[in-house]
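Need the 3D shape of this:
(one chain, ligands or ions: 1)
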Amino acid sequence: MASSVLVELGNTRLVYDFGRGIAHRLVGLGLRQDDIEHIVLSHFHPDHLSDLIPYLHAAAWSQIDPRSKDLHIYGPVGLEVQLMRLLSLFGPSTLSREHFEVHLHEIHTDQLVIDDRVLGFVDLPPADNHGLTFAAGGTTVVLTGDSSFHEQEVACLQGVDLAVIDAGHLDDDEILELAVHSRAALIVCSHLYRELDEAELNAMASARDYEGRLIVGQDLMVFDLGSQGRPVQRRPAVR
Ligand SMILES: [Zn+2]
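Below you'll find the predicted structure:
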């Protein structure tokens, strides 16, 4: 599954991480190039940014859906050097043209601002990997890129209403530890490299007095953030 999350907050739409498959999924959702103006990268591993190449290529050269709006890409310090290295493989005209610009924003603090909205950009181990935190209508949300189990992630998830986590680098015990200690209400296990047994995970978690719920993520799952901390799973479908 793509290690990416599409976030819609009012009129603001952003994609957190841009791993393999997300460009195709966005088209499948009927989202045109100009519908996505903001991309946030947690870190610079290929599984979190590889689809930038086909996405920017399509933005520059597609006759069906050419981009006309600028694209803003946010990421940790080093973003500019890393992306310029990547894009230089193809030459400047391959991935950008006159009808739009790509703006790179290196985030030096623990916050970033998009359309006047302040979002948290939390440094989580391993180094230079950043989780995204925000609130919407009273619902608190955390998204993580890559992570191993560590106290910083427990703290980051503490009591949130919805967390979409990298569960691919965790074993079952670590997922349970994270749930039990953070008490996050709803945890979606994403970025998976293996099968997870959702029923078994929840049974083991509730045996340890975890009162929330763990969900095994699938592509195109949708959660309405609702109000006052009650995110609702709207669609579990994989297309
Ligand atoms: Zn990863």
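
Which SSE is immediately downstream of the worst-scoring helix or strand of the chain on mean pLDDT?
Ranked by mean pLDDT, DSSP states H and E, the weakest helix or strand in the chain is helix 92-95, scoring a mean of 68. Once the chain leaves helix 92-95, the next helix or strand it forms, by DSSP states H and E, is strand 102-107.

can I see the domain layout of the protein?
What automatic domain parsing lists as the domains of the chain is 1-107, 137-239.

In CSV, list those along with mean neighbour count and distance to residue 128.
From N, CA and C alone the C-beta is placed, and that goes for glycine too. Below are the domains of the chain laid out as CSV (neighbours: other CB atoms under 10 Å; distance: least, CB to CB, whole Å):
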stretch, mean neighbour count, distance to residue 128
domain 1-107, 17, 5
domain 137-239, 17, 10
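
Let me have those domains in CSV, extended by distance to residue 117.
Output for the domains of the chain, formatted as CSV (distance: least, CB to CB, whole Å):
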stretch, distance to residue 117
domain 1-107, 6
domain 137-239, 12
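
wait, doesn't residue 69 sit right on residue 100?
Yes - in this structure, residue 69 is within contact of residue 100 by CB atoms under 8 Å, at 6.1 Å.

contacting residues for the spatially closest residue to residue 62 that is not a sequence neighbour?
Spatial nearest neighbour of residue 62, excluding adjacent residues (CB to CB, 6 or more residues apart in numbering): residue 33 at 7.4 Å. Neighbour list for residue 33: 58-59, 62, 65-69 [criterion: CB atoms under 8 Å, 6 or more residues apart in numbering].

6 Å instead, please
Neighbouring residues of residue 33 by CB atoms under 6 Å, 6 or more residues apart in numbering: 59, 65, 67.

ditto for residue 76
128, 130.

can you pull up the bridge partners for it?
residue 107 (DSSP bridges).

now residue 140
residue 135.

same question, residue 130
Beta-bridge partners recorded for residue 130 (DSSP bridges): residue 123.

wouldn't it be in contact with residue 40 here?
No - Residue 130 is not in contact with residue 40 according to CB atoms under 6 Å; the separation is 8.2 Å.

of the contacts of residue 33, closest to residue 79?
Taking CB to CB as the measure, residue 79 lies nearest residue 59 of the contacts of residue 33, at 18.1 Å.

residue contacts, that closest one?
Counted by CB under 6 Å, 6+ apart, residue 59 has contacts 33, 67.

Report the secondary structure state of it.
At residue 59 the chain is in helix, as set by DSSP: H, G, I helix; E, B strand; the rest coil.

quick one: it from the ion, how far?
Going from residue 59 to the ion by CB to the ion, to the nearest Å gives 24 Å.

Use 38 as the first number for this chain going forward.
All right, first residue 38 from here; so that's residue 96.

Residue numbers of the chain in contact with the ion?
Counting by CB under 5 Å from the ion, the residues of the chain lying close to the ion are 84, 183.

just the strands in this structure please.
Ranges of strands within the chain are 42-46, 49-53, 75-77, 108-113, 139-144, 148-151, 154-161, 166-173, 176-180, 199-203, 223-227, 250-253, 259-261, 269-272, based on DSSP state E.

which one of those has the lowest average pLDDT?
Mean pLDDT is lowest for strand 269-272 among the strands of the chain, at a mean of 75.

How about residues contacting that strand?
For strand 269-272, contacts defined as CB under 6 Å, 6+ apart pick out 259-261, 263.

got the contact list for the residue of the chain positioned farthest from its centre?
Centroid-distance maximum for the chain: residue 244 at 29.9 Å, with CA atoms, centre = their mean. For residue 244, no contacting residues are found, by CB under 6 Å, 6+ apart.

Now stretch 203-211 - C-alpha only, PDB.
This file holds the C-alpha atoms of stretch 203-211, laid out as PDB (Å, rounded to 0.1, in the frame of the first residue of the first chain):
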ATOM      1  CA  ASP A 203       3.800   3.200  10.200                       C
ATOM      2  CA  ALA A 204       3.200  -0.300  11.500                       C
ATOM      3  CA  GLY A 205       5.600  -1.800   9.000                       C
ATOM      4  CA  HIS A 206       8.600  -1.300  11.200                       C
ATOM      5  CA  LEU A 207       6.800  -2.600  14.300                       C
ATOM      6  CA  ASP A 208       6.100  -6.100  15.500                       C
ATOM      7  CA  ASP A 209       2.700  -7.000  17.100                       C
ATOM      8  CA  ASP A 210       4.000  -6.400  20.600                       C
ATOM      9  CA  GLU A 211       5.300  -3.000  19.700                       C
END
